[in-house]
Each structure stands twice: as C-alpha cells, then as structure tokens.
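Enquirer: got a sequence here, can you model it:
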Amino acid sequence: MKLVELTNYLESLAPLSSQESYDNSGLIVGDPQMELTGALVSLDCIESIVDEAIEKKCNLVIAHHPILFKGLKRLNGSDYVQRTILKAIKNDIALYAIHTNLDNFRFGVNAEIGKRIGLENIQVLAPKKDVLTKLVVFVPDEYVENVMSALFEAGAGSIGNYGECSFSTSGTGTFLPMEGSDPFIGQKGERENSLETKIEVLVSKHRLNAVVRAMKEVHPYEEVAYEAYPILNENNFEGAGMIGMLSEPMATKDFLKHLKSTFNCGIIRHTELVGDTVQRVAYCGGAGSFLLKNAISQEADIFITGDYKYHEFFDADKQIIIADIGHYESEQYTSNLLEGILMEKFPKFAVHLTGVNTNPINYF
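Expert: This is a model prediction of the structure:
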C-alpha cells in the first residue's frame with residue numbers, strides 16, 4: 001500500500017482544512033508514493049519513537065502532535081526537533097501528524113475521551129461555524145434519482161445524525177443552445193423549455209469539490225447549472241471539546257478518583273469542589289481552557305482538560321469545577337483510537353501501537 005492511500009483515508013475522516021490556523025497536520029516528512037512496510041502510532045513524534053519504528057521495521061510514524069510546528073532555517077541536529085527529522089530522513093521513515101483536525105472530528109480525540117470516562121449523549125461543546133455550504137443543482141426530472149444518489153454517495157446531505165437530507169422543488173428551466181454547444185436536449189438557436197427539479201443539499205466545505213465532481217459525472221447536461229454558497233449554521237459534528245452525561249450522578253470525589261484511575265494521572269489539579277455530585281461533564285483533550293465559558297453556559301458540573309495556568313483557575317468563579325488532568329494524560333488514548341481506525345480499514349496492514357511513554361512531565 002502506498003502512503004498516499006493511507007493519508008487520503010485519514011484525511012477523508014479528519015480533513016486537513018479542519019485543523020486550526022496554528023497547526024501543522026499532514027505529511028511532514030516522506031514521499032506520498034512510497035510503499036509502506038508498517039505504521040507506528042504514537043501521541044508524540046520524538047527520537048525514541050523513530051528508533052522504535054526502525055526496530056519494528058515501520059517506515060511510517062503517525063503521531064497526534066506534529067514534530068514541526070513552524071519553519072526551520074537549518075537542519076544541523078542542534079535540538080530534538082532537528083534530530084528527529086534528520087533520523088527519519090536518513091532511515092527513509094515518513095512522519096505524519098493528525099492533530100487539531102482529529103480534535104475537531106466528531107468521532108475523534110474527544111469522543112475517545114468521553115468513551116473512557118463512560119459518558120452518554122455526547123455532543124460537540126463548541127461547534128464550528130462557516131464550515132458548511134449549500135449546494136443547489138438543477139436537474140431534468142428523469143435524472144433526479146441518479147443525481148441525488150451521486151450527491152449522497154459523495155458525502156452531501158448530512159445533518160447531525162441524519163443522512164441523505166435534501167429539499168426539492170419543481171419548475172421550468174430555459175436555455176438557448178449557442179454555436180459550439182452540444183445540447184443534451186433541444187436544438188441550436190432555439191430556446192428550450194425543460195421540466196426540471198431544483199435539489200438543495202448541505203455539504204461540508206472540505207467535501208464540496210468531490211461532491212460537485214460526482215454530481216457532474218452523472219448529470220446529463222453539457223453545462224450544469226448549479227450554485228454553491230456559504231451557510232452560517234453551526235456544524236454540530238465538527239468543533240472543539242465535548243459534553244456528555246454520566247448515567248447517574250456520582251459523588252464528586254468519587255468521580256475525581258475515577259478520572260485519576262482511568263487516565264493514570266500523577267495528580268489532578270482542580271478548583272474548589274462546588275457541588276457534591278457530578279453528572280454533566282464537559283471536557284477537551286490537550287489544552288482547552290478557551291472552552292471554559294462554553295462549559296459554564298451549557299451548565300456542566302465539571303470541565304476537564306489540561307495545561308491550565310494559575311490565574312485561569314480563578315475563572316471557575318464557583319460556577320463549575322475545573323479539573324486539570326494533564327495534557328498527555330487527557331490525550332494518551334488517541335494512539336489507541338488511530339490504531340483501531342487503521343486496523344478496521346486496512347486489516348492486512350501492519351499497525352503497531354508505540355510502547356514508549358512520551359510524556360515529558362514526571363511527578364515526584
């Protein structure tokens with residue numbers, strides 16, 4: 001299997017366009033056309049991970065965190081970033097990162113965290129806006145089913161937990177075939193009146209080009225009349241953080257013990273325990289302090305994340321419990337998530353889960 005086949009599949013789930021502006025997800029080192037011998041999956045990509053890939057005869061490392069966030073002016077091995085990249089290049093090992101695009105994926109990093117906590121009815125905490133497009137296409141009546149099927153198969157028409165959503169209206173279209181045209185119906189120089197159906201569907205921006213291509217392949221007209229324009233609606237399947245419910249309230253201290261055990265935390269830093277029980281849980285893997293207002297506005301009992309700064313803890317303001325379980329700890333199961341995704345899609349491909357703990361933080 002070529003590297004590009006694997007990365008195309010991952011990016012069909014978590015498109016690169018969904019990553020945050022500061023991020024560097026995607027193929028960082030390697031030839032997209034290289035044949036793969038195996039993949040090593042880890043949270044971070046550092047020298048010891050590349051060493052492990054060499055040992056396990058994997059020529060691809062898939063990490064959640066990119067080894068490279070910004071441009072390098074030289075590669076002389078003077079720091080761990082340069083040494084990691086140089087070692088990968090020397091050993092013909094590709095480095096791929098799937099970071100905030102996987103964070104923003106409905107079934108990505110935060111869905112895995114929610115599963116580990118044991119939450120139900122999980123929803124995106126801060127859905128993204130400006131990521132949807134309304135696609136409108138005009139189709140002769142006898143080709144409506146073909147075009148509609150092509151739209152749905154290419155990924156159009158999803159609204160929340162519902163698929164194949166559309167709206168259709170009937171009308172009459174007119175056109176005048178000019179010199180150089182090859183009309184499907186009608187004659188050159190004569191205005192044609194055609195019974196047509198206007199089909200409207202929602203499409204995620206990252207799927208728009210593929211959906212339009214699929215539509216044009218089955219549409220009978222030489223020149224297809226269609227429109228695409230942005231929609232302001234939130235996409236509830238894409239965004240930062242998540243919120244869900246425990247099946248029943250749990251004593252707050254018991255819940256903190258549950259977190260500590262589940263995520264193998266060396267310590268949990270938390271604000272005042274303002275409630276005796278916890279049931280509504282908001283959370284974000286990694287560094288999620290920017291989502292505290294969302295958690296409070298949605299009446300969460302507790303907000304779980306990592307990398308909280310001293311003064312940010314005051315923002316709880318007795319309205320919610322903030323629990324900082326650690327950046328690594330919150331995202332450690334991302335490797336298991338990616339391993340499962342790849343093994344389900346490519347069951348005959350060698351996927352290895354790292355045995356290296358890359359957490360740079362130790363607890364005394």
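Enquirer: which helices and strands sit right next to the longest strand seen in the chain?
Expert: Within the chain, and with DSSP state E defining each element, the longest strand by residue count is strand 235-251. Using 3 or more CB pairs under 8 Å, 6 or more residues apart in numbering; DSSP states H and E as the contact criterion, the elements in contact with strand 235-251 are helix 109-117, strand 120-128, strand 277-287, helix 292-297. In short, each C-beta sits where N, CA and C put it, glycine included.
Enquirer: spell out the residue ranges of the strands in the stretch 251-364 of the chain.
Expert: 269-270, 277-287, 302-306, 321-324, 351-353 (DSSP state E, counting those that start in this stretch).
Enquirer: mean confidence for the fourth one?
Expert: Okay, so that is strand 321-324. Strand 321-324 shows a mean pLDDT of 98 in the predicted model.
Enquirer: show me which residues of that strand are buried.
Expert: Counting neighbours by 16 or more other CB atoms under 10 Å, one finds that the buried residues in strand 321-324 are Ile321, Ile322, Ala323, Asp324.
Enquirer: for this protein, which spans come out with low pLDDT?
Expert: Confidence mapping of the chain against pLDDT under 70 gives zero matching residues.
Enquirer: domains in it, by residue range?
Expert: The chain resolves into domains spanning 3-98+333-353, 109-125+239-330, 130-233 when parsed by automatic domain parsing.
Enquirer: can you pull the contacts of Leu27?
Expert: Applying CB atoms under 8 Å, 6 or more residues apart in numbering, one finds that Leu27 lies in contact with Leu3, Thr7, Ala94, Leu95, Tyr96.
Enquirer: among those, which are in strands?
Expert: Ala94, Leu95, Tyr96.
Enquirer: so how far is Arg207 from the closest residue to the second one other than its chain neighbours?
Expert: Closest residue in space to Leu95, ignoring its immediate chain neighbours: Val29 at 4.1 Å, by CB to CB, 6 or more residues apart in numbering. Distance of Val29 to Arg207, computed by CB to CB, to the nearest Å: 28 Å.
Enquirer: which of the strands of the stretch 251-364 of the chain sits most buried?
Expert: Neighbour counts (mean count of other CB atoms under 10 Å) averaged over each of the strands of the stretch 251-364 of the chain peak at strand 302-306, with a mean of 27.
Enquirer: what comes into contact with it?
Expert: Identification of contacts with strand 302-306 by CB under 8 Å, 6+ apart yields 117, 241, 252, 255, 259, 278, 281-289, 291-292, 295-296, 316, 320-331.
Enquirer: hang on, the earlier thing: out of the strands of the stretch 251-364 of the chain, nearest to Asp103?
Expert: With CB to CB, the closest approach to Asp103 among those belongs to strand 277-287: 6.5 Å.
Enquirer: I'd guess Val107 is in a strand, am I close?
Expert: Residue 107: Phe, not Val. No - secondary structure of Phe107 (DSSP: H, G, I helix; E, B strand; the rest coil): coil, not part of a strand.
Enquirer: spit out the contact partners of it.
Expert: Contacts for Phe107 (CB under 8 Å, 6+ apart) come out as Leu13.
Enquirer: quick one: distance of stretch 71-90 to the chain centre.
Expert: Relative to the centre of its chain, stretch 71-90 is centred 28 Å away, using CA atoms, centre = their mean, to the nearest Å.
Enquirer: endpoint to endpoint, it covers what distance?
Expert: Distance between the boundary residues of stretch 71-90 (CA to CA, to the nearest Å) amounts to 20 Å.
Enquirer: now swap in stretch 23-40 and tell me
Expert: Calculated as CA to CA, the first-to-last residue distance of stretch 23-40 is 21 Å.
Enquirer: gap between it and the chain center?
Expert: A distance of 18 Å separates the centroid of the chain from that of stretch 23-40, by CA atoms, centre = their mean.
Enquirer: list the contacts of Pro220.
Expert: Applying CB under 8 Å, 6+ apart, we find Pro220 in contact with Pro140, Tyr143, Phe184.
Enquirer: helix/strand/coil for it?
Expert: In terms of secondary structure, Pro220 is coil; the call rests on three-state DSSP.
Enquirer: quick check: the residue nearest to Leu95 vs Leu3, distance?
Expert: For Val29 relative to Leu3 (CB to CB), the value is 11 Å.
Enquirer: find the residues that touch each one of those two.
Expert: Between them, Val29 and Leu3 share these contacting residues under CB under 8 Å, 6+ apart: Ala94.
Enquirer: what about Val41, distance to Asp141?
Expert: With distances taken as CB to CB, Val41 is found 50 Å from Asp141.
Enquirer: swap in Arg213?
Expert: Shown here: Arg213 relative to Asp141, a distance of 23 Å by CB to CB.
Enquirer: now do Leu72
Expert: 58 Å.
Enquirer: how about Ala111?
Expert: 41 Å.
Enquirer: how about the contacts made by Met250?
Expert: Contacts here follow CB under 8 Å, 6+ apart; on that basis Met250 touches His258, Thr277, Val278, Gln279.
Enquirer: before we move on, what about Thr84?
Expert: With contacts taken as CB under 8 Å, 6+ apart, Thr84 has the following neighbours: Cys45, Ile46, Glu47, Ile49, Val50, Ile67, Leu95.
Enquirer: my guess is Met321 contacts Arg280, does it?
Expert: Met isn't right for residue 321; it's Ile. No - applying CB atoms under 8 Å, one finds Ile321 not in contact with Arg280, separated by 11.2 Å.
Enquirer: many thanks, have a good one.
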